[in-house]
Structure formats: structure tokens, C-alpha cells
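Student: below is the sequence, then the predicted model.
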Amino acid sequence: MAGADLPVLIVGDVHGDIERLFAALKPYPATEWHTIFLGDLVDYGAYGVGCLRYARDRLNTDVILGNHEVAMLWALRDPTRIGFFITIGGQQHDLDELRSDGPLQEWLKTRPLMIKLADGTLAQHCGNDDYRLLLADDLSDDLSDPVDRINSAATLVLEAGNADLLWQVMSGKGAFATQPERLERWLKLTGCRRVVFGHTPHRNSTPARYHHSKAINFDGGLSRSHRMYRRGAPLAASVAPLEP
């Protein structure tokens, strides 16, 4: 994990708006922050692959896979899925660019679905616990970390070309915001004290906090190309330091 001894900066869904991304990150030099992208750097905006390359190459940075990256990889592998990819904001030129960049493809396929930080924070793309579907049914004799098992299962699923399963797992809406019992079960299963995520745009001026900050949503609608973008959406709603 990059920059483990640095303060943590969380970046919500970028969706191809590299100009607003640069503006949001300007106060946070890469050498001074451990940056975590919560996925969905692509689609809607025109510079999805550019955002991926930037995040990949930024110092002290980790990138989590989002459901839109999954759809992009799915369309790359299966041409019959290109139409679906376009309907969810996918850009044909981004798909073509990714197709011609083998190293970027391989890097993207191995991104984790979630990261557990030393302070007990779990970073993942969407605010629900459907990730549990990637765990084995019988956990009684398995003492390994559920987060590690989920990440390993996701890599195997992508290698096998079954992106449909990952799309289903990662496309649910924000259950944690309205279902505190479900949130508590997820935190107990993963051994974490709180979870940060994006995926579902909120309307706050800063990241949206639920249930005494045990769940924090960093998707503040950063991209001007996203259908949920509202004029003047504050950058701080999507890019902000992770408070202790």
C-alpha cells in the first residue's frame, strides 16, 4: 500500500473530468499525501483513460476498481458489451485507447476492490455489502482476512472473463446510508471501524457522513459530464482528507 505513513486523501468518482481533478488535487502534493481513488475514474467525461494514467503514475497513490472500470474491461473483452458500455457513459475513444495500451490493461485488472487502512478504515467503491457475494459460502474454517479474499476473488473473476458478476456486486445503491444494521454487520465481518466509498452522488458540500461517521460518501458529483452533476458542485465534496 502506497504512502502508508502519510495522511490520507480520499478521491471520489472522477468520471473523466481531469481538469476538475487537477484543481481538486492542487492543494494536496503527492509527496505529502497517501491518495486513494475510490474508482469510477472513467465514463461520462472525455478523459477517462487520462485519469487512469494520472492516478496510476501519481506518487503514494492507490486506486480501487469501480463498476465503470469493470464495464470497460468487460467491453474490451466482449464486443457485444460495447453498446452497454456506451449507454452508461462509456467513451469509444477511451475504449480504443485502453485496447492499445496493454500495460494499462494489466494494471487495471489487478486493482483491488477494497483497501483496509491501519486505522481501521475500509475504502471501497460502493456503499453496500454486496461484496460478500465474492466470499465462499462456508467461512467456518477460513481464518484469512475477508478483505484479502474478496480482492483475490475479484482478480480471479476478471481473469476468467466473468465481469458480469463484478458488475452486479459493485452496482448496488447506498444501503449503508439508510440501513445501520447492515453497515454494522459489514464492519464486523471486515474487522473495520468505518467505511468510505463513492458510487452514489450526494448533495452535500463536503463528504456525506452517516451513522456517527461510520460510513462516509465521497461521491460529491465532481464530473461536469455526469448526469447528476450540479453547477458549482464543490470539489471538497469529492476530494478531502480522511479525518482521524
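Tutor: Perfect, I can see it now. None of these values were measured; they are calculated from a predicted model. Numbers count the residues shown, from 1 in each chain.

Student: you'd agree residue 14 is up against residue 37?
Tutor: Yes - if you go by C-beta atoms under 8 Å, residue 14 and residue 37 touch, sitting 7.2 Å apart. (Each C-beta comes from the backbone N, C-alpha and C, glycine too.)

Student: tell me the helix or strand right after the helix or strand of the chain with the lowest mean pLDDT.
Tutor: Using mean pLDDT, DSSP states H and E, helix 163-170 stands out as the lowest-scoring helix or strand of the chain, at a mean of 88. Next helix or strand after helix 163-170 toward the C-terminus (DSSP states H and E): helix 175-178.

Student: ok, for residue 180, nearest residue in space, not its chain neighbours?
Tutor: Leaving aside its chain neighbours, residue 180 sits nearest to residue 211 (4.8 Å; criterion: C-beta to C-beta, 6 or more residues apart in numbering).

Student: what sits against the one you found?
Tutor: Residue 211 makes contact with 176, 180, 183 under the criterion C-beta atoms under 8 Å, 6 or more residues apart in numbering.

Student: tell me who's in contact with the residue nearest to residue 165 when sequence neighbours are not counted.
Tutor: Leaving aside its chain neighbours, residue 165 sits nearest to residue 157 (5.6 Å; criterion: C-beta to C-beta, 6+ apart). Applying C-beta under 8 Å, 6+ apart, we find residue 157 in contact with 134, 163, 165-166.

Student: can you lay out the residues you listed as TSV showing distance to residue 153 and neighbour count?
Tutor: Output for those, formatted as TSV (distance: C-beta to C-beta, whole Å; neighbours: other C-beta atoms under 10 Å):
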residue	distance to residue 153	neighbour count
134	4	19
163	13	22
165	9	16
166	9	24
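
Student: any of the contacts of residue 211 buried? List them.
Tutor: Neighbour-count burial (16 or more other C-beta atoms under 10 Å) applied to the contacts of residue 211 gives 176, 183.

Student: point me to the helix or strand that includes residue 44.
Tutor: Under DSSP H and E, no helix or strand contains residue 44.

Student: fine by me, thanks again.
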